[in-house]
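A.B. asks: Generate a structure from the sequence data that follows.
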Amino acid sequence: MKKLLLTGFLVVFTIITFTAQEATVKGRIIDANSSEPIPNVQVQILESLFSTETDSKGLFYFKNTDLPQGEQIVQITKPGFLSKKLKIIIQNSNPINIDPILLELDLTALQAQIGIISLNDDELDQDDGTSYNISGLLQASKDAFLNAASYDFSATFFRPRGLDNANGKVLINGLEMNKMYNGRPQWGDWGGLNDMQRNREFSMGLTPNDYAFGDVAGTTNIIMRASQNREGGQISYAASNRSYRGRIMASYNSGVNQNGWAYSVLLARRYGEEGFQEGTLYDANSFFTSVEKKLNNTHSLNFTAFYTPNRRGRSTANTQEVIDLKGIQYNPNWGYQDGEIRNSRIREIEEPIFMLNHFWDLSQKTKLNTNVGYQTGTIKNSRIDNNGTRLIGEGDTQYTAGGASNPLANYYQNLPSYILGNPELYGDNISPIDYQRAYTAQQAFINDGQVDWEEIYNGNLNSDGSPKASTYVLQDDVTEDKLVTANTIISSKITNNITLNGTLSYRNLKSENYAQVKDLLGGTGYLDIDNFAEAASGDASEETDLSALGQSDLNNINRIALEGDRYKYNYIINAEEISGFAQGQFQYHKVDFFVALSGGSTRYQREGLYENSNFPGDKSYGLSEKLSFTNYGIKGGATYKVSGRHLIDINLGLIQKAPSIRNAFSNARVSNATTIGLEAQKINSADVSYILRSPTIKARLTGFYTGFKNGSDIGFYFTENLSSQGKDEDFFLQEIMTNIEQRHLGAELGIEVQVTPTVKLLGAASLGQYTFTNNPNLYVTSDDLDGPVSFGDGTSKLKGYHVAGGPERAAQIGFEYRDPTFWWFGITTNFFSHAYIDVNNLARTSNFSTDYDGQPFGDYDVEIAKDLLAQEQFDSYSLINLKGGKSWRIKGNYVGFFATISNILNTEYKTGGFEQGRKTNYSDLAADASLSNGRIFGPRYFYGYGATYYINAYFRF
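C.D. replies: Residues are numbered from 1 along each chain as shown. Next up is the predicted model:
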């Protein structure tokens, strides 16, 4: 009996053990063309909850007692490759090892990726509006909404979830690229490196990222590592009429040789005399190299360097009067000089970047990546300075003379509205002669309307033709940064279900900022005196030293600046940032979840190198107060797998981060003053998504919320309306706002339907509302004011106004046809609405309703005031875009092209704009708005491109 019982027990134990055995499915995925392993390939057992990704060696691994038994389908997908499905039979007693699995390049998808990267490069290098767009964070992906946002929506200044790119992080090889000055990535620093930007890892919103805590708009890591680039080379040529006219690029990747060496090189040039906007020069070169040595099986060392010097002619926003006369392509910043186009406002970026990256596999499950980066160089923005003066007389009778009116043709005093609408010149009765003068000015503007370089040079000559002290010079505003960045990143797969990530980072910035004489424009030198301060000398007290008025540097009075000299302002910003981040990711049968924490500190200090006469002593010279901020973040999320096809995803986060350098000092160019009431910004965010992924339909519906508190912003402009000063006088203001609260609320949808193997239907939509939820604090400063000035209760009544920044609503419907013989085309129709103008904040303070005597305006009409302060909503519009391409495989090489025509109906539409601040009180705004011949100081608008094309042809070997 004992033997029988023992035998029975052993049989039962064996059965239990056998049935509890874990099933195992593993494999290795490689490139069918190069035989290199492919990382980050999505591997899913269809009709189940099990999915994973390949590691850096192309390996994937399933091991679980709950793996579905019997005949199953494994689906293998990665952007840029043809998807593959494999039939397997899973049995707990029979491990499966599929090695190798060969993936073929998807030539049509590769073309689309090339196109999106190229178009982002084309658009994101700009200065007005698109510099705030987060579409550069995005990439071609399996998500229909992200695809629409990264291409079709981006040209309209559309911002997913209403966020600008200061709310997202861009990394290259794990190192953060966002500028400490404004928190935004400087796209021009890696412009033209298209072939080296294909390896991207993007985390949308608050979802987990292996390299950084990130931010509410997401995180992109661009991998520019020699060993990770697909072996081979490419030569391409692109033509466009958007920003540049032509681009030629050549790149080569060696792959890893038998000695463990790999290298990548790229050369590119982009050029054009002008783009869609008149006079917008494009002159850019790009150089890239990366060399990697695999030291042994666990250590690898990579060096990456790139240098992308570029010069861009800038355009500007215009009033509706100017647009009606000259069209949306008009740009007042240029004129002909000796038959050549010369733009007065050129942006030059020369910031080489060097990186050293060490990769250490501590074990099969733990990896340590340590990176060091260094960036140097300059960003320069030129403009015409028309305030040059010269000294007259000697001793106590010495004074200055000079200065000139704005030389740009769109200056308000050159336009018909000013001639017919300025009561100071003509009163209320306009004579036929006045109409004749207005018509003459109108025709001169229509027929020319550009910078008169010959007249500018003549303005710097004496009557006998000899040069004199320059009234006009070409000025560069220069930022010269030296940035050191270092971090170490660890990733450890503790178990099959648990992965831990962590990062320690350090950044140190020394930023020199100064004005520099770029060109004396035929003059002998520039007297470095502020002509506006001189003009205000009539208000000086008897104790005022008139000889010191207007001096940019009291340690160098009456300096004569020559070409290449610094003048006007000169200071250094020292900044330091230390941060850390830890994250745990947990993957289980029904639920995946993560939690992440971050912490750190940021410090800023200004060092004035000039002692400005308006801010003598340590108010401008020497070290400022040291600013210090504490940063932290916590976020978490979970994905509940209802089934293999249906998922629910939720993410929550709370972030506190330092204000940018730009908003930390109220007038950094000439003063050590820090922003009053400045605090670290607090952000809380949440999103919930339903995700469908069936063989024919892929869709995502997301609801999102983001709240901002303690925001800050500084603006600079001229005004004639400061009621507190008791008179009508011009002031160049610094407008400082703090305690800004905003709410971003909405939903987004993306859907793709694979109707047939060759036809796909596309749909995407975003419905948002982005508003101010309080009345922020506002005060102004100026060189001509005794100190900070606030109005009434010290707030600007912005509650309920919309945050400017592109359309809040966008929708797309389209289709793609992809032929098995590698040609394809697609068309999308895109609808946009609910875009709003950027309102003037000063006009929403009590300054609006207060006369110069400090009393309310006697004729104040509430209904008229309501109309004057209403926020303009731009008209809705639709854009139709067409794209397509073809590729051929010839003896293992590839030849192909990608082409797109955007806005094929040539629709004119406003992408943004702002209210001018020169007139900000009720009386003057009402008078300006009622002018029968058009407003003199109406809003200024940005318009989108008309019909444009882009075509890229390539040879890949």
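
A.B. asks: can I assume residue 324 sits in a helix?
C.D. replies: Yes: Residue 324 forms part of a helix when assessed by DSSP: H, G, I helix; E, B strand; the rest coil.

A.B. asks: And for it, the neighbour number?
C.D. replies: For residue 324, the count of nearby residues is 10 (other C-beta atoms under 10 Å). Bear in mind the C-beta positions are built from the backbone N, C-alpha and C, glycine included.

A.B. asks: before we move on, what about residue 71?
C.D. replies: 9.

A.B. asks: Spatially, what comes nearest to it if we skip its sequence neighbours?
C.D. replies: Spatial nearest neighbour of residue 71, excluding adjacent residues (C-beta to C-beta, 6 or more residues apart in numbering): residue 89 at 5.4 Å.

A.B. asks: Is the one you found in a helix, a strand, or coil?
C.D. replies: strand.

A.B. asks: Next one: it relative to residue 23, how far apart?
C.D. replies: 11 Å (C-beta to C-beta, to the nearest Å).

A.B. asks: Who has more neighbours out of the two?
C.D. replies: Legend: neighbour count by other C-beta under 10 Å for residue 89 and residue 23, higher for residue 23 (19 against 10).

A.B. asks: residues in contact with the nearest residue to that one once chain neighbours are set aside?
C.D. replies: Closest residue to residue 23 apart from its sequence neighbours, by C-beta to C-beta, 6+ apart: residue 67 at 4.0 Å. Contact analysis of residue 67 by C-beta atoms under 8 Å, 6 or more residues apart in numbering lists 22, 23, 25, 45, 48, 50, 90, 92.

A.B. asks: Next up, phi/psi of the fifth one, please.
C.D. replies: Backbone torsions for residue 48, taken as degrees, to the nearest 10, come to phi -140, psi 180.

A.B. asks: what's the answer for the fourth one, then?
C.D. replies: Here the main-chain torsion angles of residue 45 (degrees, to the nearest 10) amount to phi -90, psi 110.

A.B. asks: Please tell me how far it sits from residue 67.
C.D. replies: Taking C-beta to C-beta, one finds residue 45 at 7 Å from residue 67.

A.B. asks: residues bridging contact with the two, i.e. touching both?
C.D. replies: Common neighbours of residue 45 and residue 67 (C-beta under 8 Å, 6+ apart) are residue 25.

A.B. asks: So the residue nearest to residue 23: helix, strand or coil?
C.D. replies: Quick answer, by three-state DSSP: residue 67 is coil.

A.B. asks: And it, what's its pLDDT?
C.D. replies: Looking at residue 67, its pLDDT stands at 84.

A.B. asks: Would you list the phi and psi of it?
C.D. replies: Per-residue torsions, residue 67: phi -60, psi 140 (degrees, to the nearest 10).

A.B. asks: same check, this time on residue 189
C.D. replies: The phi/psi pair for residue 189 (degrees, to the nearest 10) is phi -70, psi -20.

A.B. asks: my read: it touches residue 177, true?
C.D. replies: Yes: the criterion here is C-beta atoms under 8 Å, and residue 189 meets it with residue 177 at 7.1 Å.

A.B. asks: Return the residues in contact with residue 383.
C.D. replies: Contacts of residue 383 by C-beta under 8 Å, 6+ apart are 344, 345, 474, 475, 477.

A.B. asks: Figure out the helix or strand that it lives in.
C.D. replies: Taking DSSP states H and E as the criterion, residue 383 maps to strand 378-385.

A.B. asks: Alpha carbons of the next helix or strand after that strand, as CSV, please.
C.D. replies: Sequence order places strand 389-392 as the next helix or strand after strand 378-385, per DSSP H and E. Only the C-alpha atoms of strand 389-392 are listed here, as CSV (Å, rounded to 0.1, in the frame of the first residue of the first chain):
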residue,chain,number,x,y,z
THR,A,389,24.8,110.1,-33.3
ARG,A,390,27.8,112.4,-33.3
LEU,A,391,29.2,114.8,-30.7
ILE,A,392,28.8,118.5,-31.3
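
A.B. asks: Sheet partners, orientation included, of strand 389-392?
C.D. replies: Partners of strand 389-392 in the sheet, by DSSP bridges, are strand 399-402 (antiparallel).

A.B. asks: Contacts for the following helix or strand past the strand it pairs with, please.
C.D. replies: Next helix or strand after strand 399-402 toward the C-terminus (DSSP H and E): helix 416-421. Identification of contacts with helix 416-421 by C-beta under 8 Å, 6+ apart yields 321, 412, 425-426, 430, 434-435, 437-439, 441-442, 445, 928, 931-936.

A.B. asks: Could you report the neighbour count for residue 795?
C.D. replies: 20.

A.B. asks: what's the spacing between the residue nearest to it when sequence neighbours are not counted and residue 294?
C.D. replies: Nearest-residue entry for residue 795: residue 775, 4.0 Å, with adjacent residues in sequence omitted and distances by C-beta to C-beta, 6+ apart. The spacing between residue 775 and residue 294, counted by C-beta to C-beta, is 60 Å.

A.B. asks: Tell me where the stretch 501-650 of the chain has strands.
C.D. replies: Using DSSP state E, counting those that start in this stretch, the strands found in the stretch 501-650 of the chain span residues 526-527, 560-561, 566-587, 591-608, 622-623, 627-641, 646-657.

A.B. asks: ranking the ones you listed by burial, who's on top?
C.D. replies: strand 526-527 (a mean of 25; mean count of other C-beta atoms under 10 Å).

A.B. asks: Parallel or antiparallel, list what pairs with that strand.
C.D. replies: strand 560-561 (antiparallel).

A.B. asks: Figure out how far the strand it pairs with is from the centre of its chain.
C.D. replies: A distance of 37 Å separates the centroid of the chain from that of strand 560-561, by C-alpha atoms, centre = their mean, to the nearest Å.

A.B. asks: Repeat that for stretch 585-601.
C.D. replies: Worked out by C-alpha atoms, centre = their mean, stretch 585-601 lies 28 Å from the chain centre.

A.B. asks: quick one: residue 781 and residue 736, what's the gap?
C.D. replies: Note on residue 781: its distance to residue 736, by C-beta to C-beta, is 7 Å.

A.B. asks: can you list residues touching both of the two?
C.D. replies: The contact sets of residue 781 and residue 736 overlap at 666, 788 (C-beta under 8 Å, 6+ apart).

A.B. asks: Neighbour count: the two, which is higher?
C.D. replies: residue 736 (27 against 22).

A.B. asks: can you tell me the helix or strand for the more buried one?
C.D. replies: Secondary structure from DSSP H and E places residue 736 in strand 731-754.

A.B. asks: other SSEs contacting that strand?
C.D. replies: Judged by 3 or more C-beta pairs under 8 Å, 6 or more residues apart in numbering; DSSP states H and E, strand 731-754 is in contact with helix 144-150, strand 697-719, strand 759-772, strand 777-781.

A.B. asks: Lovely, talk soon.
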